[in-house]
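>>> Any chance you could fold what I've pasted below:
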Amino acid sequence: MLTGLCERERLSQVHRVRRCVTKGLFLLSGIFSAIYLIPGCKADPCSPNVLASRKTIYIPEGQSVSLSCEIQHCGDLGWKGGWGRYTENTFTLLGPTPRHLLYNKTLLQESIVLYMKILNTSRLDSGIYQCRINWTNNQSSNGHITYMNITEATPAAGRKILTRMLVCSGALLCFPVVLGVARCLCPKDTQSTDVASGRPKTEVVYAALALEARGRASKRQPPPCTIYSSVQILHPNA
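All right, here's what the predicted structure looks like:
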């Protein structure tokens, strides 16, 4: 008897869950249908465009800068263009150079990001930059303008600290070498070595031979003088 009651209760709960799920599905389908039928709620079709924000940047002279803009091509892979610069109100498309690196990165199937990196900037790089694209239907799209200002170069504090650390490290490494060379070049102190080793100190006595020889030379008698005889010849007439 109890088993039959439990079975009936379980079946009734299952039916209730099924009815709730069915009602929920109908409710969701009704909501989506209403959204689709309301004007303005439909998803807009993809339209080719250039997505770039207007900005002003300040770069110290000698550093690198990177500019980017997103191209929403919507499957139109025949577009042409890229980053350019205004010179005297004339737009000039920039190409790759040793200082201008151009590359791109695909985000989605319908969009791509164009990058331009300028190496070792100088004052001549200051100006107005823009991303411009020409589509296959003879239309063009322009991104917002980027104002680039190249300021005076300032020495990096980190570079100064690194230089000081290298100088100090070199001095510490050279100190033992200089100390060893100085020790090899300096004469050794034999007296301190003998005292440290416990050996008796040997004294050197020099004989005064030069003084004795000089004294003996003063006592010698001068050699005797040699007297020569004179010969006189007498003539008979004298």
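>>> Which residue ranges of the chain form helices?
Assigned by DSSP state H, the chain shows helices spanning 2-37, 157-185, 190-197, 209-219.
>>> Now do the first one, average pLDDT.
Helix 2-37 carries an average pLDDT of 60.
>>> likewise the third one?
Per-residue pLDDT over helix 190-197 has a mean of 49.
>>> got the contact list for stretch 139-146?
Stretch 139-146 has contacts (Cβ atoms under 8 Å, 6 or more residues apart in numbering) with 48-57, 67, 69, 81, 128-135. Yep, even glycine has a C-beta here, placed from its N, CA and C like the rest.
>>> ok, now with 10 Å
If you take Cβ atoms under 10 Å, 6 or more residues apart in numbering as the criterion, stretch 139-146 is touched by 47-57, 65, 67-73, 79-81, 83-86, 91, 114, 116, 127-135.
>>> Need the CA coordinates for stretch 52-66. PDB is fine.
Provided in PDB are the C-alpha atoms of stretch 52-66 (Å, rounded to 0.1, in the frame of the first residue of the first chain):
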ATOM      1  CA  ALA A  52      40.400  54.500 -34.400                       C
ATOM      2  CA  SER A  53      40.000  57.000 -31.500                       C
ATOM      3  CA  ARG A  54      41.200  60.600 -31.700                       C
ATOM      4  CA  LYS A  55      44.200  61.200 -29.300                       C
ATOM      5  CA  THR A  56      47.300  63.300 -28.700                       C
ATOM      6  CA  ILE A  57      50.500  61.600 -27.600                       C
ATOM      7  CA  TYR A  58      53.800  63.000 -26.300                       C
ATOM      8  CA  ILE A  59      57.000  61.000 -27.000                       C
ATOM      9  CA  PRO A  60      60.500  61.900 -25.800                       C
ATOM     10  CA  GLU A  61      63.000  62.100 -28.700                       C
ATOM     11  CA  GLY A  62      64.900  58.900 -29.300                       C
ATOM     12  CA  GLN A  63      62.200  56.600 -28.000                       C
ATOM     13  CA  SER A  64      59.800  54.300 -30.000                       C
ATOM     14  CA  VAL A  65      56.100  54.700 -30.500                       C
ATOM     15  CA  SER A  66      53.400  52.400 -31.800                       C
END
